[in-house]
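**Q** This is a predicted model, with the sequence first.
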Amino acid sequence: MIDTSVARRLAEDLLTIGAVTFRPEKPFTWASGLQSPVYCDNRLTISYPDVRNRIREGFIDALERSGIDPDLIVGTATAGIPHAAWLADSLELPMAYVRARPKEHGKASQVEGLVVSGAHAVVIEDLISTGRSSGITVEALRYEGVIVDAVMAIFSYEMDESIEAFRQLGVSLITLTNLDELFAAARERGWVSDEMVGSLQEWLRDPVGWSRSRERGT
């Protein structure tokens, strides 16, 4: 379980530093091809010491609440790496990171850092959209014999596709904040209208259908 006050505070942090952009009239296009009316750029958090420290403390608190006691902290390349490093340093644990794909030169490594077969790991992501990148990371670690106890992320869109992806992976997902908290915080500040929230929730219910309707101009 995540402390609800932490979830709201981090949502407010993301809004305050400009990490979140609501743009239903001119949607963003993800690498998957999906269009989205909201974009969350958690890479900005590394530039704000107070925010990144709250994220680290949030991860530590989440580990304590869940009872997970990892041997290894693993970051996803690239945005998960700095947060994994700060967490691993605080916990005095080894750290590694996983590339999206193996290198095309040298040892052709995908997992970087010392990993030991049988070690229990927690993976750190900056955000969860479809869950596909997490799946790549988990499978790469499992190939090395690492047991992944959980994936932890700063933010999740909480899409049905990601929920199903983690169910199939058989890995717990722990996120510090989510789209609902962003909506609530943004509405309190008057940054989004009820109409815009309705459009965002429509997208969340059916992102594929929403994207296709925008492509058709409907």
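**A** On my side now, so go ahead.

**Q** Do me a favour and average the pLDDT over stretch 54-65.
**A** Summarised as a single mean, pLDDT over stretch 54-65 is 96.

**Q** and that stretch, which residues are buried?
**A** Arg54, Ile55, Arg56, Gly58, Phe59, Ala62, Leu63 (16 or more other Cβ atoms under 10 Å). Quick note: C-beta positions are derived from backbone N, CA and C, even for glycine.

**Q** do the same with stretch 156-169
**A** With burial defined by 16+ other Cβ under 10 Å, the residues of stretch 156-169 counted as buried are Ser156, Tyr157, Met159, Ser162, Ala165, Phe166, Leu169.

**Q** mean confidence for that stretch?
**A** 93.

**Q** and that stretch, C-alpha only, in PDB?
**A** Output of stretch 156-169 as PDB, limited to C-alpha atoms (Å, rounded to 0.1, in the frame of the first residue of the first chain):
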ATOM      1  CA  SER A 156       1.300   5.100 -13.700                       C
ATOM      2  CA  TYR A 157      -1.400   5.900 -16.200                       C
ATOM      3  CA  GLU A 158      -3.200   2.800 -14.800                       C
ATOM      4  CA  MET A 159      -4.200   1.500 -18.200                       C
ATOM      5  CA  ASP A 160      -6.000  -1.800 -18.500                       C
ATOM      6  CA  GLU A 161      -3.200  -3.000 -20.800                       C
ATOM      7  CA  SER A 162      -0.600  -2.400 -18.200                       C
ATOM      8  CA  ILE A 163      -2.600  -4.200 -15.500                       C
ATOM      9  CA  GLU A 164      -2.900  -7.200 -17.800                       C
ATOM     10  CA  ALA A 165       0.800  -7.100 -18.700                       C
ATOM     11  CA  PHE A 166       1.800  -7.300 -15.000                       C
ATOM     12  CA  ARG A 167      -0.700 -10.000 -14.300                       C
ATOM     13  CA  GLN A 168       0.900 -12.100 -17.100                       C
ATOM     14  CA  LEU A 169       4.400 -11.300 -15.800                       C
END
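
**Q** Could you dump the buried residues of stretch 156-169 into CSV and include distance to Met196 and secondary structure?
**A** Compiled in CSV, these are given as follows (distance: Cβ to Cβ, whole Å; DSSP: H, G, I helix; E, B strand; the rest coil):
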residue, distance to Met196, secondary structure
Ser156, 20, strand
Tyr157, 16, coil
Met159, 19, coil
Ser162, 23, helix
Ala165, 28, helix
Phe166, 28, helix
Leu169, 33, helix
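
**Q** residues in contact with the spatially most central residue of the chain?
**A** Nearest residue to the geometric centre of the chain (Cα atoms, centre = their mean): Leu127, 1.8 Å. By Cβ atoms under 8 Å, 6 or more residues apart in numbering, the residues touching Leu127 are Cys40, Asn42, Ala79, Ala153, Ile154, Phe155, Ser156, Tyr157.
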